[in-house]
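Trainee: Here is my input, please return the structure:
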Amino acid sequence: MTQKLDTLQAALQSVLGDAIHKFARERGEISITVKAADYTQVATSLRDHPQLKFEQLVDLCGMDFSDYKNEAWDGRRFCVVSHLLSISHNWRVRLKVFAPDDDMPSVASVTPVWASANWFEREAFDLYGVIFEGHIDLRRILTDYGFIGHPMRKDFPTTGNVEMRYDAEKKRVIYQPVSIEPREVVPRVVREDNYGGLH
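Mentor: Got it, this is the predicted structure:
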């Protein structure tokens, strides 16, 4: 495994060079972070270069790094993470790109490179609000079209903003403000001297 990772690392550094903004090799996996401006070019090189040949995009997801590991995060907030597989070389790599603007997160779409990115990018748009420039059909995929906000963002309220219900008088589904009262639940702790029959 170590020799294979050494070969992959050398190939990535040889082909991509300075386009790799950050390189990490941990737990038997390689992750590379690239700048948003280089994202499309790097994705194309990862797919097409004979030393790399990452033919398949296995997964793509959004991430919200605010309050990362319950600490202040010094960097861009929204990241798009892709997991790539080379069938030819039997190796994997994780590709990360941070959106340069936290208020309007946007990166290029990689659907022209890997068609399988289509629904994954729609999901990241729906749940995190990341806009994929050049995507042919960027619309919500998990929440309904009238949904407000992006539910996987860390600042999204756990109760949501609205709730829906069927109104018998209007004979249709309606939206209304959330009726759940926010409360703090503290677990009850049993502290008995003879708990469980032990003396």
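Trainee: Surely Met63 is in contact with Phe78?
Mentor: Yes. Shown here, Met63 and Phe78 form a contact pair, counting by CB atoms under 8 Å, at 7.1 Å. Every residue, glycine included, has its C-beta placed from N, CA and C.
Trainee: Centre-most residue in this structure?
Mentor: By CA atoms, centre = their mean, the chain has its centre lying nearest to Gly62, at 1.9 Å.
Trainee: secondary structure element for that one?
Mentor: Element membership of Gly62, judged by DSSP states H and E, is strand 56-64.
Trainee: Show me the beta-bridge partners of the residue nearest to the centre of the chain.
Mentor: Beta bridges link Gly62 to Val80, judged by DSSP bridges.
Trainee: before we move on, back to that, show me what the strand holding Gly62 is packed against.
Mentor: Packing partners of strand 56-64 (3 or more CB pairs under 8 Å, 6 or more residues apart in numbering; DSSP states H and E): strand 78-86, helix 117-128.
Trainee: residues in contact with the longest helix along the chain?
Mentor: Scanning the chain for the helix with the most residues, using DSSP state H, yields helix 2-16. With CB atoms under 8 Å, 6 or more residues apart in numbering as the test, helix 2-16 has contacts from 20, 23, 25, 28, 30, 32, 34, 42, 45-46, 49, 51-52, 89-91, 93.
Trainee: Now the buried members of the residues you listed.
Mentor: Neighbour-count burial within the contacts of helix 2-16 applies to Ile20, Ile30, Ile32, Val34, Val42, Ser45, Leu46, Leu52, His89, Trp91, Val93; the criterion is 16 or more other CB atoms under 10 Å.
Trainee: So which of these are in strands?
Mentor: Using DSSP state E, Ile20, Ile30, Ile32, Val34, Trp91, Val93 are the members of those that sit in strands.
Trainee: Is it possible to get JSON lines of these that adds pLDDT and distance to Arg172?
Mentor: Output for these, formatted as JSON lines (pLDDT from 0 to 100; distance: CB to CB, whole Å):
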{"residue": "Ile20", "pLDDT": "97", "distance to Arg172": "53"}
{"residue": "Ile30", "pLDDT": "97", "distance to Arg172": "52"}
{"residue": "Ile32", "pLDDT": "98", "distance to Arg172": "50"}
{"residue": "Val34", "pLDDT": "98", "distance to Arg172": "47"}
{"residue": "Trp91", "pLDDT": "95", "distance to Arg172": "53"}
{"residue": "Val93", "pLDDT": "98", "distance to Arg172": "49"}
